[in-house]
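Participant: What would the 3D arrangement of this be:
(one chain, ligands or ions: 1)
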Amino acid sequence: KLTLDLSHAAAQVSPRLYGLMTEEINYSYDGGIYGELVRNRAFRDHADKADHWFLIKADGDSSSMKLDTKHPVNQALPVSLHLKTASANAPAGIANDGFWGIPVKSSTTYKGSFYAFTENAAATAITASIESTDGKTVYARAEITGIGNSWKKFSYTLTTTQTAKPAADTRLVLRPSTAGSYFFSLVSLFPPTFNNRANGNRPDIMQLLADMKPSFLRLPGGNYLEGGMFSTRFDWKKTLGPIDHRPGHMGTWGYRSSDGMGLLEYLEWCEDLHMEPLLAVFAGYALNGDYLEKGPLLKPFVDEALEEIEYVTGDTTTVWGKKRAQDGHPAPFPLHYVEVGNEDGFDKSTSYNGRFEQFADAIKAKYPNLQVVATMGGKDWLGARYPFDASKADVVDEHYYRNAFEMESDAAHYDNYDRKGPKIFVGEWATREGSPTPNFNSALGDAAWMTGMERNSDIVVMSCSAPLFVNVNPGGMQWESDLIGYNALSSYGSPSYYAQQMFNNNKGDEVIAIHGDGIPTQLQKLNHKDSLASVNPKTYAGLFYVATRDSKTGTVYLKVVNCLPTVQNVSLELNGAAKVKPAAKVITMKADKPEDTNTITEPKKIVPVNSKFNGVKNLFNYAFAPYSITILQLETK
Ligand code: AHR
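Facilitator: Got it, this is the predicted structure:
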């Protein structure tokens, strides 16, 4: 039996409880949400060869293609592709295979651009086309004229026909009309973007995120913030302005980032989805273990963080606010939380005590209203690696990557947490079962875990699972079990995605206390190596729950997660309700087997389903389906 005490609010629900975490991993930006379709557009992915570029020529044609560094466009574009075409009859060309294909969709207009010059005497034209990989089908074509003898940027559009079938076995081809010597740099192609932003994001992935109604975006990482070494940290200043002036950098997950997703693009992403940025600043520690102790050598990085905050929040009379306006966004962005570093518990030097203090003092001195987040301090996981004085932190960031059973057995983690210390930001968490995206057992683990965060959201003020994205093509994944999967043409949400969407879209502003008779909230802490099969049902309840109420409407959102293979018949008692309406909206997500999942080919196998229940009374029974996540919307006003 579960008894809900509706006589008063047990706690307030944090308005920022559910957000998003992002970084360049699993081709999250390049090859993911960032709209660019050309891979290795600036020819800098590999020093010696033009990765993802191909020479197209007839048999026997002696045309050639190679990287060139003698003709830089500018400092950010030092490399170009030199094409020498030999035959005037069937001129050779260059082709790019995109991020596992250039997505072809019907009646779609793509915006293309490139820098080019020719060593030919006469001005010539170039044909741009999207073609099938075998070259037999041309989906769209445009002719660009006026290629001269010095670098110039050309823009054009390509439009597919109404009858074009979706295809990704495709490539972008640039073919000069006359034989000769040609140089290309920064070859770009964009499909339509969300809100038609220039240099913007993929609409389908943005829509999946919008449907989660996230309140914030933790950016830009993760490990991606820190970099493998100082020189490959997320150096935000190098990500500003036109893409022609962004050199890009080596990311932390084995591939180079174009930096098309720069600081302003992150902020506009926030603006488009009505989220607030949660800005993580580089804190003088890189993944190779290099660090700077608190002191004068660290100061330039502290100053850089202050400038970054000014870029986000400053008005146009400030140096960096003015720069943001020049970059196209005069209005400042809202900002309440700044995180110093990422997972600094890995810093074996223990220097984070001093580094955090120097950053926090400087941030608070200039921006007293900002809340400063430390990446250590909780009593578990990273917090336990070495003693850290979290007294200067407003919030500490704790990370949890676990299997479903570990999540479930620790769902009451925050029930007895120290309420006197800093607030908690669960800045990375995930149940990691299923690949590339989590299966339904993960969704159960996630949902059980979320009941605990929601019940304790007086102290757990923010949370975001990670990683957010994965390109499901072979080679697209560096980290398994990611919330949203995609290829060039389509995207889908995992069961865990839908669990998070259900939780965030159905919550009130007050936590309602629940007394579980025979269903403990505080589960016995079990050995993490135990599997569900070996669990003693007397100590493992397998049922997790939380209730919140909308104080204005009186709607109570009762969430119950049944991780067991059997129906759970539960008596529900509503104590202290002003009124109880018999009809309730019910949202249920369930699976036949915990291993069931969504995939790119079966994207909606497991989704929440709406229904009605007409038997709500002060005391009533509800049968929770096996392996299910259920939300009852009880009307109490
Ligand atoms: O989410 C993947 C990685 O996990 C993040 O980059 C890092 O912060 C954590 O270790």
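
Participant: Show me what the host helix or strand of residue 128 is packed against.
Facilitator: Element membership of residue 128 [criterion: DSSP states H and E] is strand 124-132. In terms of contacts (3 or more Cβ pairs under 8 Å, 6 or more residues apart in numbering; DSSP states H and E), strand 124-132 is packed against strand 109-118, strand 138-147, strand 152-159, strand 170-176. Quick note: C-beta positions are derived from backbone N, CA and C, even for glycine.

Participant: Could you tell me which residues of the stretch 151-300 of the chain lie near the ligand?
Facilitator: Contact residues, the stretch 151-300 of the chain versus the ligand (Cβ under 6 Å from any ligand atom): 221, 222, 223.

Participant: Show me which of those residues is closest to residue 3.
Facilitator: Among these, residue 222 lies closest to residue 3 (Cβ to Cβ), at 41.5 Å.

Participant: Per-residue confidence, that closest one, what does it come out as?
Facilitator: Residue 222 is assigned 96 on the pLDDT scale.

Participant: Test my guess that it contacts residue 26.
Facilitator: No - using Cβ atoms under 8 Å, residue 222 is not in contact with residue 26; the gap is 11.2 Å.

Participant: quick one: common contacting residues for those two?
Facilitator: residue 467 (Cβ atoms under 8 Å, 6 or more residues apart in numbering).

Participant: give the contact list for residue 323.
Facilitator: So residue 323 contacts 240, 311 (Cβ under 8 Å, 6+ apart).

Participant: What of the one 5 residues further on?
Facilitator: If a contact means Cβ under 8 Å, 6+ apart, then residue 328 has residue 264 as its contacts.

Participant: re the thing from before, need the residues of the stretch 151-300 of the chain next to the ligand in CSV (columns: neighbour count and secondary structure).
Facilitator: Converted to CSV, these look like this (neighbours: other Cβ atoms under 10 Å; DSSP: H, G, I helix; E, B strand; the rest coil):
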residue, neighbour count, secondary structure
221, 26, coil
222, 25, coil
223, 20, helix
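
Participant: between the residues you listed, which is closest to residue 59?
Facilitator: For these, the nearest to residue 59 is residue 223 (46.4 Å; Cβ to Cβ).

Participant: out of everything not next to it in sequence, what's closest to the closest one?
Facilitator: Closest residue to residue 223 apart from its sequence neighbours, by Cβ to Cβ, 6 or more residues apart in numbering: residue 252 at 4.3 Å.

Participant: wait, isn't the one you found in contact with residue 234?
Facilitator: No - here residue 252 does not reach residue 234: they are 9.3 Å apart, not a contact under Cβ under 8 Å.

Participant: and for those two, which residues touch both?
Facilitator: With Cβ under 8 Å, 6+ apart as the test, residue 252 and residue 234 both reach 221, 224, 227.

Participant: coming back round to it: contacts for the strand holding residue 128, please.
Facilitator: Strand 124-132 has contacts (Cβ under 8 Å, 6+ apart) with 93, 95, 102, 104, 110, 112, 114, 116, 118, 137-147, 154, 156, 158, 160, 167, 169-178, 180, 182.

Participant: what does the stretch 351-500 of the chain put close to the ligand?
Facilitator: So the stretch 351-500 of the chain meets the ligand at 428, 466, 467, 479 (Cβ under 6 Å from any ligand atom).

Participant: Which of those residues ranks first by neighbour count?
Facilitator: residue 467 (25 neighbours; other Cβ atoms under 10 Å).

Participant: what's the domain layout of this structure?
Facilitator: Following automatic domain parsing, one gets these domains for the chain: 2-12+511-635, 20-35+194-509, 53-190.

Participant: So the residue nearest to residue 223 versus residue 341, what's the distance?
Facilitator: As judged by Cβ to Cβ, to the nearest Å, residue 252 and residue 341 stand 14 Å apart.

Participant: intersection of neighbour lists for those two?
Facilitator: residue 226.

Participant: Spell out, range by range, the strands that occur in the stretch 301-450 of the chain.
Facilitator: Ranges of strands in the stretch 301-450 of the chain, per DSSP state E, counting those that start in this stretch, are 337-340, 371-374, 395-402, 423-431.

Participant: Could I get these in JSON lines, plus columns for mean pLDDT?
Facilitator: Formatted as JSON lines, the strands of the stretch 301-450 of the chain follow (pLDDT from 0 to 100):
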{"stretch": "strand 337-340", "mean pLDDT": "98"}
{"stretch": "strand 371-374", "mean pLDDT": "97"}
{"stretch": "strand 395-402", "mean pLDDT": "93"}
{"stretch": "strand 423-431", "mean pLDDT": "96"}
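
Participant: Select, out of the ones you listed, the one closest to residue 441.
Facilitator: strand 423-431 (7.5 Å).

Participant: other SSEs contacting the least confident helix or strand in the chain by mean pLDDT?
Facilitator: Lowest mean confidence among the helices and strands of the chain (mean pLDDT, DSSP states H and E): helix 404-409, at a mean of 87. With contacts defined as 3+ Cβ pairs under 8 Å, 6+ apart, the packing partners of helix 404-409 are helix 440-455.

Participant: let's see 10 Å
Facilitator: strand 395-402, strand 423-431, helix 440-455, strand 543-549 (3 or more Cβ pairs under 10 Å, 6 or more residues apart in numbering; DSSP states H and E).

Participant: So what's the gap between it and the chain middle?
Facilitator: Offset of helix 404-409 from its chain centre (Cα atoms, centre = their mean, to the nearest Å): 24 Å.

Participant: on that earlier part again, buried stuff in the strand holding residue 128?
Facilitator: 124, 126, 127, 128, 129, 130, 131 (16 or more other Cβ atoms under 10 Å).

Participant: Neighbouring strands of it in the sheet, and parallel or not?
Facilitator: strand 138-147 (antiparallel), strand 170-176 (antiparallel) (DSSP bridges).

Participant: Doesn't residue 189 belong to a strand?
Facilitator: Yes - per DSSP: H, G, I helix; E, B strand; the rest coil, residue 189 lies within a strand segment.

Participant: Tell me the bridge partners for it.
Facilitator: Applying DSSP bridges, one finds that residue 189 bridges with residue 112.

Participant: That one and residue 172 touch, don't they?
Facilitator: Yes - using Cβ atoms under 10 Å, residue 189 is in contact with residue 172, at 5.6 Å.

Participant: Settle it for me: which of the two has more neighbours?
Facilitator: residue 172 (26 against 23).

Participant: For that one, which non-adjacent residue is closest in space?
Facilitator: residue 96 (4.8 Å).
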